[in-house]
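Student: Starting from these lines, generate the structure:
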Amino acid sequence: MGFEVLALALSALAGYLLGSINCSIILTWFFKNKEDIRQYGSGNAGMTNVLRTVGKKAAALTFVGDFLKCVAAVLLSQAFVALIAGGAGMEPQELYGVARYVAGLACVLGHIFPAYYGFRGGKGVVTSAAMIALTDWRVFLLVLLTFILVFAWKKIVSLASICAAVMYPVFTFLFLFFVEFSGSPLAHHGDKSLGYLLFATAAALFAGVTVVLKHSANIGRLRRGEEKPITLGKSK
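Tutor: Numbers count the residues shown, from 1 in each chain. So this is what the prediction gives:
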C-alpha cells in the first residue's frame, strides 16, 4: 500500500507542476510584446481568450501545449507505477488507471491554479479534454460529440464546454458500469472493481464540476444573453 500511495503522490505532484505551465500566458508574452493575457478580453488565461485577443496561431499553439502537458503528466504517472509499485513486486492491476485519473486531475488543477503565475490560470477545458482522452477514449468521443453539437448549434465555446463537462461523469459511469464493471449483468467480460467504478466516476464528477464552476461568469452572461459567439473570420 505504501508503494502505491507513493506512486500516486508523485503522479499528482508531477501533474500539478506540469499543469502550472500556462501556455496562454507564455505564448501571449511572445506574440504580444511581453503582455499578460489576463489583462485582455475576458481576463482568462486560456485558448479562447487567446484566439479573441492574440490570434489564431497563438491559440492553436496554446491548444497543443495545454493538451500535451496533460499527456506528459499521464505518461509520467504510468512510469511511476511501473517503477515504484511494479519494482516492489506488486501487480498494479487497476493502479495504472487510477494513476491516470490522479495525474490528469492534478494537471487540470495546476492549469486552473498555476503555482508559477499567482494561482490565476485558465478554466481547464483543453487540459480536461486531454485527461478524458487518456483515461477513456470512448468517453472522450462522446464528450467531444457533445461539445461539437452544442458549438455547431450556438457557436459559443463556453456553453459547449459546460455541456460537455456536465455529461462527462454521466458518460464515465455508464460506460464503466455497462461495459467494464465486473458486477454488471451486461458486462460479460468486465474486470473493473466497484472501487474503481466509484473512483473513476468521482474523478470525472470532480473534473466536470470544477470546469462548470470556473465558467460561473460565463453562465451569468449566458443567462443574460450577453455571451458572444466565436467568429473565426474576424480573428487575427
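Student: what about V157, neighbour count?
Tutor: When neighbours are defined as other Cβ atoms under 10 Å, V157 has 24 of them. C-beta here means a position set from N, CA and C on the backbone, and glycine is covered the same way.
Student: Nearest residue to it in space, please, no chain neighbours.
Tutor: Nearest non-adjacent residue to V157, counting by Cβ to Cβ, 6 or more residues apart in numbering: T48, 4.9 Å away.
Student: which element is that neighbour on?
Tutor: helix 47-53 (DSSP states H and E).
Student: who does that helix touch, helix- and strand-wise?
Tutor: helix 23-31, helix 56-80 (3 or more Cβ pairs under 8 Å, 6 or more residues apart in numbering; DSSP states H and E).
Student: May I have it exported as PDB, CA atoms only?
Tutor: Taking Å, rounded to 0.1, in the frame of the first residue of the first chain, the C-alpha atoms of helix 47-53 are listed here in PDB:
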ATOM      1  CA  MET A  47      -7.200  29.300 -25.500                       C
ATOM      2  CA  THR A  48     -10.500  31.100 -26.300                       C
ATOM      3  CA  ASN A  49      -9.300  34.400 -24.900                       C
ATOM      4  CA  VAL A  50      -6.000  34.000 -26.800                       C
ATOM      5  CA  LEU A  51      -8.000  33.400 -30.000                       C
ATOM      6  CA  ARG A  52     -10.000  36.500 -29.500                       C
ATOM      7  CA  THR A  53      -7.200  38.800 -28.400                       C
END
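Student: hang on, the earlier thing: got the helices and strands packed on helix 47-53 as CSV, with mean pLDDT and mean neighbour count columns?
Tutor: Shown next, in CSV, are the helices and strands packed on helix 47-53 (pLDDT from 0 to 100; neighbours: other Cβ atoms under 10 Å):
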stretch, mean pLDDT, mean neighbour count
helix 23-31, 93, 21
helix 56-80, 96, 20
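Student: right, and these - which one's nearest S216?
Tutor: Among the helices and strands packed on helix 47-53, the nearest to S216 by Cβ to Cβ is helix 23-31 (19.5 Å).
Student: relative to helix 56-80, how tilted is that closest one?
Tutor: Helix 23-31 runs at 140 degrees relative to helix 56-80, counting by axes from the mean of the first three to the mean of the last three Cα atoms, to 10 degrees.
Student: Which residues does helix 23-31 contact?
Tutor: Residues from elsewhere that reach helix 23-31 (Cβ atoms under 8 Å, 6 or more residues apart in numbering): 35-38, 40, 45-47, 49-50, 53-55, 57-58, 61-62, 64-66, 69, 117, 121-122.
Student: ok, back up a step: save the helices and strands packed on helix 47-53 as CSV, and put in distance to K155 too.
Tutor: As requested, the helices and strands packed on helix 47-53 are exported to CSV (distance: least, Cβ to Cβ, whole Å):
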stretch, distance to K155
helix 23-31, 21
helix 56-80, 16
